[in-house]
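Novice: show me how the following folds:
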Amino acid sequence: MTRAAFLRAIGAGLAVRPRRPNVLFIAVDDLRPELGIYGAGHVKSPHIDALGRSGTVFTRAYCQQALCNPSRASMLTGLRPDTLRVWNLQTDFRTTRPEAVTLPQRLKQNGYHAVNVGKLFHNIFPDPVSFSEPDLRIPGYPFDPDAVYRSASEVAALEERKRQITVAGNQARHIDQYGEWYLKNNATEAPDVPDNAYFDGAQTDAAIAKLAALQKAGTPFFFGVGYYRPHLPFNAPRRYWDLYDREKIPLAPDPFLPDGGAPMGHNMNRELRGYRDFANAPRPDQGTVTEAQARLLRHGYLASVSYVDAQIGRLLAALERTGLAENTIVVLWGDHGWKLGEHNGWGKMTNHEIDTRVPLIVRAPGVRPGVCGGLVEAVDIYPTVCELTGVERAVELEGQSLVPLLRAPGRRGKSAVFSQYLRDGIWVAPDGVPYMGYAIRTERYRYVEWKKWPEGRLDARELYDLRRDPGEDVNVAGRPEARTVMAGLSERLRRGWRGERM
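Specialist: Numbering: from 1, shown residues only. Predicted structure coming up:
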């Protein structure tokens with residue numbers, strides 16, 4: 001309704017029903033909060049930065065598990081990994097918690113048109129019941145290697161590997177735990193191609209067209225747009241690589257394992273070693289990549305961030321052009337962090353701050369921009385969107401609405417946040433035994449208990465004093481002066497999230 005029509009309705013004594021806000025939910029794979037708006041001046045992320053300046057930037061938001069499937073399932077159901085019983089890449093939450101109602105599904109039940117393009121849920125577990133129509137599908141989704149590489153040399157190498165597999169007749173051996181063809185080439189490429197030569201650019205074209213259709217329909221909508229980069233491989237058009245001088249990109253300040261850290265708490269670098277040029281990369285406890293390799297990977301990651309930032313800029317510009325922006329809630333979220341040499345690791349898959357801290361930006365109609373430094377969690381997004389849209393939240397949700405913090409960003413957040421990591425399957429600890437690590441992060445400390453899985457016997461503890469050691473480089477759990485602090489944190493960890501409120 002235009003302003004003139006609104007005034008005419010008031011003048012005529014008619015009841016005017018407020019239009020419910022739309023929701024544009026942008027999920028970015030492996031995006032850590034190393035962005036301009038988060039104080040990283042070396043990163044070229046102008047469009048995400050602009051979104052942050054127009055919304056609320058949460059500087060201390062945390063996922064519930066630093067792995068795609070459990071993190072996304074937890075955020076989208078508002079339930080924590082232990083409640084869902086989803087701790088790995090292979091479990092569909094519909095098999096363990098079939099009655100769960102997801103965020104888009106909840107909005108759909110309340111009159112919203114729900115649609116999705118790209119990776120919102122984990123790529124091999126689309127959830128049709130959550131949406132009003134089938135997911136938009138771009139050719140090559142989710143991980144067809146033919147759509148991942150664009151340089152002539154990588155395409156030729158890919159074709160040769162496919163030929164060898166066909167000749168050998170052993171295709172089944174090349175299906176990995178993602179359910180994808182294990183045909184990964186090099187970990188980076190930088191061809192001179194248009195943005196839509198890669199999946200994220202092509203899906204942005206489709207998303208822009210869909211926004212126009214949603215605008216014409218006039219029904220309140222939930223639109224999930226999931227970006228794949230900066231997930232490995234770090235493939236992006238050459239112009240985004242050219243934004244950076246590789247020799248000036250800062251390297252990790254702590255390229256070493258935490259002193260006294262629990263061995264089951266280390267990342268195994270398995271994800272990186274799946275790529276041809278890093279197949280011989282050492283595990284963090286065995287050695288390091290070269291400085292040239294570290295610079296290449298950091299360069300590729302930042303180029304991929306800038307590439308996705310440009311696509312997000314195109315999407316948000318289209319939202320403005322359609323006139324939808326003024327009545328649309330925009331949420332931008334990263335599913336977990338990613339180590340770029342910190343703790344001698346490359347990837348996610350630990351309980352450390354660098355893996356569990358995520359970017360979170362919320363822009364809502366009528367809410368003034370701000371920066372919130374309180375502790376918050378990904379499970380808080382679901383109840384937040386419910387409150388902003390006026391949809392009654394389900395009683396089983398295990399997060400808290402962030403609307404009070406949106407209204408007053410200076411307010412205190414949670415007293416503690418919780419994450420966990422299951423070290424099992426192909427990512428078992430160095431001793432070959434599966435462990436579950438449960439972590440609590442307070443204003444000052446991160447405390448982790450590692451238990452044998454599934455029997456639950458406590459085997460190791462980690463305590464990091466974030467005031468003195470923000471990089472979590474020294475485990476002080478074995479020091480006598482830490483006993484009292486550990487006892488209190490262990491009790492809070494046992495009580496869990498129900499014992500902590502904003």
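
Novice: grab the nearest non-local neighbour of the residue most central in space within the chain.
Specialist: For the chain, the residue sitting closest to the mean C-alpha position, by C-alpha atoms, centre = their mean, is D335 at 1.3 Å. Nearest residue to D335, sequence neighbours excluded (C-beta to C-beta, 6 or more residues apart in numbering): S71, at 4.6 Å. For the C-beta atoms, the positions are set from N, CA and C on the backbone; glycine is no exception.

Novice: state whether the one you found is indeed within a strand.
Specialist: No - S71 is assigned helix when assessed by DSSP: H, G, I helix; E, B strand; the rest coil, not a strand.

Novice: circling back to that earlier point, was I right about the residue nearest to the centre of the chain contacting I26?
Specialist: No - taking C-beta atoms under 8 Å as the definition, D335 is not a contact partner of I26, at 11.5 Å.

Novice: what about K248, neighbour count?
Specialist: 8 (other C-beta atoms under 10 Å).

Novice: from F234, how far out is it?
Specialist: 18 Å (C-beta to C-beta, to the nearest Å).

Novice: quick one, strands of the stretch 301-450 of the chain?
Specialist: Ranges of strands within the stretch 301-450 of the chain are 328-334, 339-340, 346-347, 357-363, 370-372, 376-377, 416-423, 435-442, 445-452, based on DSSP state E, counting those that start in this stretch.

Novice: tell me the strands beside the first one, with direction?
Specialist: On the basis of DSSP bridges, the sheet neighbours of strand 328-334 come out as strand 22-28 (parallel), strand 357-363 (antiparallel).

Novice: cool, the third one as well?
Specialist: Based on DSSP bridges, the strands next to strand 346-347 in the sheet, each with its direction, are strand 339-340 (antiparallel).

Novice: and the contacts of the partner strand?
Specialist: Strand 339-340 is contacted from outside by 32, 252, 267, 294, 297-298, 301, 345-348, 350, 352, 354-355, using C-beta atoms under 8 Å, 6 or more residues apart in numbering.

Novice: just the ones in helices from the residues you listed, please.
Specialist: The helices, defined by DSSP state H, take in 294, 297-298, 301, 354-355 from the contacts of strand 339-340.

Novice: now, which of the residues you listed sits nearest S153?
Specialist: Using C-beta to C-beta, L297 comes nearest to S153 of these, at 18.7 Å.

Novice: ok, that closest one to K216 distance?
Specialist: For L297, the distance to K216 - C-beta to C-beta - is 44 Å.

Novice: the more surrounded of those two?
Specialist: With neighbours defined as other C-beta under 10 Å, L297 and K216 compare such that L297 has more, 21 against 9.

Novice: list the contacts of that one.
Specialist: 187-188, 234, 272, 289, 340-341, 346 are the contacts of L297 under C-beta under 8 Å, 6+ apart.

Novice: I figured D192 hits A236, correct?
Specialist: No - at 11.2 Å, D192 does not count as touching A236 under the criterion of C-beta under 8 Å.
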